[in-house]
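Chemist: Let me see the structure of the following:
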Amino acid sequence: MTTQWARRQAQSNELLDAVQGVADWAERNRAAAVGGAILLVLLAGVAPMLFSKSRRASEASWTEFAMAQAYARAGRPADAVALNTRIGQEHPGSLAAGYGELLTADILFDQGRFKDAAEVYRRLAESQADKSLSTLALAGLGHSLEAAGDYKAAAETDQRFLDGHPDHPLASATHASLARSLERMGQADKAHAALERMSFLYPESYWAAWAKARLKK
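Modeler: Okay, the predicted model is just below:
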């Protein structure tokens with residue numbers, strides 16, 4: 001779930017937040033920001049400075065997160081989890097700390113600790129701190145619930161993800177999780193319908209082929 005594009009998305013969101021913060025200030029203090037020229041100065045001058053300060057403050061946390069990813073890829077999950085814990089302690093509330101938790105959940109999932117992974121995914125999915133982060137966590141939650149054998153909760157979570165993020169890169173894999181959970185629950189008709197939707201929604205993809213193969217069984 002935790003990928004380089006997710007990290008890039010998180011960092012770009014920091015810039016958007018900085019600009020939006022200045023815009024919100026200008027709206028609340030319209031009398032002080034007299035004229036469009038002053039507002040442009042604020043947006044073109046102050047926002048980059050605010051972002052630069054924010055970026056400097058968060059650089060250490062992102063560097064540590066990159067190291068945690070390296071530990072995970074090198075087969076050192078315990079070191080990765082320990083470092084993610086430290087990021088959360090030293091940089092509480094930061095995006096890097098959030099993505100560190102997401103990486104920890106992924107590691108727990110890979111270790112077969114599906115219930116533990118679900119707890120972390122659920123906490124992140126319910127967080128409103130960052131939309132991209134909570135969306136990734138919601139996808140992870142559905143998969144971990146399925147793997148833990150809680151098929152009803154998995155199907156509900158998968159459907160919630162698909163309803164809210166039908167075009168997300170993880171939508172196809174989540175759709176597969178939904179179909180499998182429905183099958184496990186004995187809801188053959190709904191599972192069949194989910195597989196048919198997959199073959200229609202993701203043509204010429206691995207998931208379309210996967211769905212068509214299951215439909216033939």
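
Chemist: quick one: the helices in this structure?
Modeler: Using DSSP state H, the helices of the chain run over residues 4-28, 35-41, 47-73, 77-90, 95-110, 114-125, 131-147, 151-164, 171-184, 188-201, 206-215.

Chemist: could you redo these as a markdown table and give each row mean pLDDT and mean neighbour count?
Modeler: Where you see a C-beta, it was placed from the backbone N, CA and C, and this is true even at glycine. Listed next are these as a markdown table, based on pLDDT from 0 to 100; neighbours: other Cβ atoms under 10 Å:
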| stretch | mean pLDDT | mean neighbour count |
| --- | --- | --- |
| helix 4-28 | 42 | 15 |
| helix 35-41 | 41 | 11 |
| helix 47-73 | 72 | 16 |
| helix 77-90 | 94 | 18 |
| helix 95-110 | 92 | 24 |
| helix 114-125 | 96 | 21 |
| helix 131-147 | 94 | 23 |
| helix 151-164 | 97 | 19 |
| helix 171-184 | 96 | 22 |
| helix 188-201 | 96 | 17 |
| helix 206-215 | 94 | 16 |
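
Chemist: Now Arg122: closest residue in space that isn't a chain neighbour?
Modeler: Excluding the flanking residues, the one nearest Arg122 by Cβ to Cβ, 6 or more residues apart in numbering is Leu141, at 5.4 Å.

Chemist: right, and the one you found touches Ser127 too?
Modeler: No: using Cβ atoms under 8 Å, Leu141 is not in contact with Ser127, being 12.0 Å away.

Chemist: which other residues reach stretch 210-217?
Modeler: For stretch 210-217, the surrounding residues in contact (Cβ atoms under 8 Å, 6 or more residues apart in numbering) are Ala176, Ala179, His192, Leu195, Glu196, Met198, Ser199, Tyr202.

Chemist: No more questions from me, cheers.
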